[in-house]
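Asks: sequence and predicted structure are below.
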2 protein chains.
Amino acid sequence: MAGFVGVHLGAGSHSCNLQEKKEQLCRKACRKGIDILMNEGTSLDAVAAVTQILENSALTNAGYGSNLTLDGRVECDASVMDGSNLQFGACGAVTRVKNPVLLAQTLCKKQLEPLSLGRMQPCLLVGPGASEWASSNGLPLIDENALISERALKQYNHYKKRIEKYNIRLTQGDVRMDTVGSICIDKYGHIAASSSSGGIALKPPGRVGQAAIFGGGCWAEDGQRENGIPGVAVSTSGCGEHIIKTFLAKESARALQSTNCPTAAIYKTINDCFLKSPFLHDVTDKLCGVIALQDRMEGAGVEFLWAHTTNSICVGYMSTKHSKPHTRISRLASGRTQGSSIVVEGVYC
Amino acid sequence: MAGFVGVHLGAGSHSCNLQEKKEQLCRKACRKGIDILMNEGTSLDAVAAVTQILENSALTNAGYGSNLTLDGRVECDASVMDGSNLQFGACGAVTRVKNPVLLAQTLCKKQLEPLSLGRMQPCLLVGPGASEWASSNGLPLIDENALISERALKQYNHYKKRIEKYNIRLTQGDVRMDTVGSICIDKYGHIAASSSSGGIALKPPGRVGQAAIFGGGCWAEDGQRENGIPGVAVSTSGCGEHIIKTFLAKESARALQSTNCPTAAIYKTINDCFLKSPFLHDVTDKLCGVIALQDRMEGAGVEFLWAHTTNSICVGYMSTKHSKPHTRISRLASGRTQGSSIVVEGVYC
């Protein structure tokens, strides 16, 4: 079968003036993923490398360029899931790690190595312990200020001043929540997914969002040909607390496993399990975005979908059959309300 | 209706020589919870106060007396869930907070207060940020060595030496994994649950276990009389990574919401969603424990259950109708194998 890479730069409000740069970034990330898949790399390697490119760009709220915490620092969340063995690795509120997704990937791979004393390999590491673990597992630590982009610092100063001077209440749509992520399938049908985020601007230090949480940020399960269960992958974006409380990645994946109509499954999941969730009954704006993959193992291609309740989502995708990546910024139709309307789009490729 | 408190000191291997002391601790905790419920306290207040007593005892692996990390420190996880509004608060790998459950409770209550700039109140705080937040929200920080008990230090030195000198591989059953927790219902039918843990002995610093994770450590949902859905609460114990990957608290609660036979529901959940989970296919010993409550709102009492796949679980419970608390150490029957056999017991009271 063909290999496939899908990426997103987060669900939020993508301004038109950065559109070309963002689409370019999506293309670069997709090409990297396809390169890996064409050279016998695994889907886990591909999602990590793809996400690393997104983290290294100042255009995204992940890795370099992350939103700053209330005390002006960068703390990142990231996770990966390997659909071939259902292992998961994640880090939360981690500092000084240039690419949090590589830490998550290393944790995910380590799950397969037993530890003495019956201890488990951790699946979630946070804070200074996560940085130390990264360092002792071969990932270099960098100066924490090296992750602060000019744009993030400018936005931080702007909002900090507004909060302090005017105690102003802005709406969610004003702040960047653009968690990034990717999903990949290799030619053997093995699937992986990733999620990476700098979190909400001016978040309290130590806050962990969905990008680090099992069932929240990403999900991947290989298909089971013998049972007719399709392979699935999901990466989410939006308000972390709300996505954690609705298990959005897992719920989307479960829905995709039991349907021939992935578009309807994603719509129904966002509607029933997110917009109408009793866990968000007191929330006005319910903001999320999802990219998803369904592999029914019946042809050479996969279904790739993107959906959002935010104003927009920026996605890219490429198959090993394609000569170049495709990108799309999907926007709510005019007149539709952010936080309560759903857009779902998809392609078969 | 009557109020009710259930507690557990964790699923593990409870030696007979500490049995009386542990049961005494359960009784003390239950009495505290009932006192609060009799004095118009909420079920959320009750689970926090009950768990605080468990954390303050050197007999448990939570708060004071927690297992030490690989570098000899105490890092705690805790969470609470309020079934009346479905809010959740949690902290992970937190140091210097005497009672992590009080931090979780404060975070849970704060969910109801909006923040400026459209920021969310965090539901999960970790590491140094969590300690700072605790301090600025009125919870005193203590010297981190004040949480190290003599017993925990002795065990740490013992195992550290064995790991270093002999690189020995012990089985899970040898190390303490006894996360504690409680579930309460007040006379208005409002339900709350808690979970608190020092984690696995010699865990890597920064490791977060199920006691901090939504859907893993605890779950609480008030009943919906109009839909005939019973109120439910769950608190779990066992291997954190495995409980996270199987959403054990949430899955148990979901099963209890749709049955008239809670014993069968808990048995089936542990069997189907834990022992037979594809996410634990490579795990030999599958260790968990659960306490659960089901309120069918049809009489004055509730069903209270405890279950385990470990050698034993130590539980206590008391209703406002009781004159004194009850305790029970449930053990696997001889000949049954830890990690693959299930015991479920329960009472109606």
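Replies: The structure has been received and is ready for your questions.

Asks: just the element for the residue lying closest to A:Gly72 once chain neighbours are set aside, please.
Replies: Distances taken as CB to CB, 6 or more residues apart in numbering or on different chains place A:Tyr156 nearest to A:Gly72, at 6.0 Å, with adjacent residues excluded. To be clear about C-beta, it is placed using only N, CA and C from the backbone, and glycine gets the same treatment. Assigned by DSSP states H and E, A:Tyr156 falls within helix A:150-166.

Asks: off-centre distance for stretch A:18-28?
Replies: Put simply, stretch A:18-28 sits 17 Å off its chain's centre (CA atoms, centre = their mean, to the nearest Å).

Asks: tell me which residues of it come out buried.
Replies: Residues of stretch A:18-28 classed as buried: A:Lys22, A:Glu23, A:Leu25, A:Cys26, A:Arg27, A:Lys28 (neighbour count, 16 or more other CB atoms under 10 Å in any protein chain shown).

Asks: quick one: which of those is nearest A:Gly6?
Replies: Proximity of those to A:Gly6 was ranked by CB to CB; the top entry is A:Cys26 with 9.6 Å.

Asks: check for me that that closest one belongs to a strand.
Replies: No: looking at A:Cys26 with DSSP: H, G, I helix; E, B strand; the rest coil, it is helix, so not inside a strand.

Asks: now do the same for it: its pLDDT.
Replies: Note on A:Cys26: pLDDT of 97.

Asks: which residue, other than its chain neighbours, is closest to it?
Replies: In this structure, A:Cys26 finds its nearest non-sequential neighbour in A:Gly316, 2.8 Å apart by CB to CB, 6+ apart.

Asks: quick one: average pLDDT of the host helix or strand of the one you found?
Replies: Using DSSP H and E, A:Gly316 maps to strand A:312-319. Mean per-residue pLDDT for strand A:312-319: 96.

Asks: and that strand, what does it pack onto?
Replies: strand A:4-12, helix A:19-38, strand A:288-295, strand A:303-308, strand A:326-331 (3 or more CB pairs under 8 Å, 6 or more residues apart in numbering or on different chains; DSSP states H and E).

Asks: quick one, which of these is packed in tightest?
Replies: Among those, strand A:4-12 has the highest mean neighbour count (mean count of other CB atoms under 10 Å in any protein chain shown), at a mean of 30.

Asks: the helix holding A:Tyr156: how far from the chain's middle?
Replies: On the basis of CA atoms, centre = their mean, helix A:150-166 sits 25 Å off its chain's mean C-alpha point.

Asks: same thing with stretch A:106-126?
Replies: 22 Å.

Asks: which element follows the helix or strand of chain A with the lowest mean pLDDT toward the C-terminus?
Replies: Ranked by mean pLDDT, DSSP states H and E, the helix or strand of chain A with the weakest confidence is helix A:150-166, at a mean of 86. Going down the chain from helix A:150-166, the next helix or strand is strand A:180-185, by DSSP H and E.

Asks: which residues of the stretch 1-150 of chain A lie near chain B?
Replies: Contact residues (CB under 8 Å from any CB of the partner chain) of the stretch 1-150 of chain A with chain B: A:69, A:75, A:85-86, A:88, A:92-93, A:112, A:114, A:116-133.

Asks: nearest to B:Ile291, out of the helices and strands packed on strand A:312-319?
Replies: B:Ile291 sits nearest to strand A:288-295 of all these, at 33.2 Å, using CB to CB.

Asks: and that closest one with chain B, contact?
Replies: No: legend: contact between strand A:288-295 and chain B by CB under 8 Å from any CB is lacking; minimum distance shown is 13.0 Å.

Asks: partner strands of that strand and their direction?
Replies: Using DSSP bridges, the strands paired with strand A:288-295 are strand A:231-238 (antiparallel), strand A:303-308 (antiparallel).

Asks: adding mean pLDDT, write these out as JSON lines.
Replies: As requested, the strands paired with strand A:288-295 are exported to JSON lines (pLDDT from 0 to 100):
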{"stretch": "strand A:231-238", "mean pLDDT": "97"}
{"stretch": "strand A:303-308", "mean pLDDT": "98"}
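
Asks: got those as JSON lines, with distance to A:Ile200 columns?
Replies: Shown next, in JSON lines, are these (distance: least, CB to CB, whole Å):
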{"stretch": "strand A:231-238", "distance to A:Ile200": "10"}
{"stretch": "strand A:303-308", "distance to A:Ile200": "17"}
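
Asks: closest one to A:Gly215 among those strands?
Replies: Counting by CB to CB, A:Gly215 lies closest to strand A:231-238 out of the strands paired with strand A:288-295; the figure is 9.9 Å.

Asks: quick one: distance of the closest one to the chain centre.
Replies: Centroid separation for strand A:231-238 versus its chain: 7 Å, with CA atoms, centre = their mean.

Asks: beyond it, next helix or strand please.
Replies: helix A:240-246.

Asks: got the CA positions of that following helix in PDB?
Replies: These are the backbone C-alpha positions of helix A:240-246, laid out as PDB (Å, rounded to 0.1, in the frame of the first residue of the first chain):
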ATOM      1  CA  GLY A 240      -6.500  21.400  26.200                       C
ATOM      2  CA  GLU A 241      -8.700  21.200  29.300                       C
ATOM      3  CA  HIS A 242     -11.800  20.600  27.200                       C
ATOM      4  CA  ILE A 243     -10.200  18.000  25.000                       C
ATOM      5  CA  ILE A 244      -8.800  16.100  28.000                       C
ATOM      6  CA  LYS A 245     -12.300  16.100  29.600                       C
ATOM      7  CA  THR A 246     -13.900  14.700  26.400                       C
END
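
Asks: who does the helix or strand just after that helix touch, helix- and strand-wise?
Replies: Under the assignment DSSP H and E, the closest C-terminal helix or strand after helix A:240-246 is helix A:248-257. Here helix A:248-257 touches strand A:218-221, strand A:231-238, helix A:262-268, strand A:288-295, going by 3+ CB pairs under 8 Å, 6+ apart.
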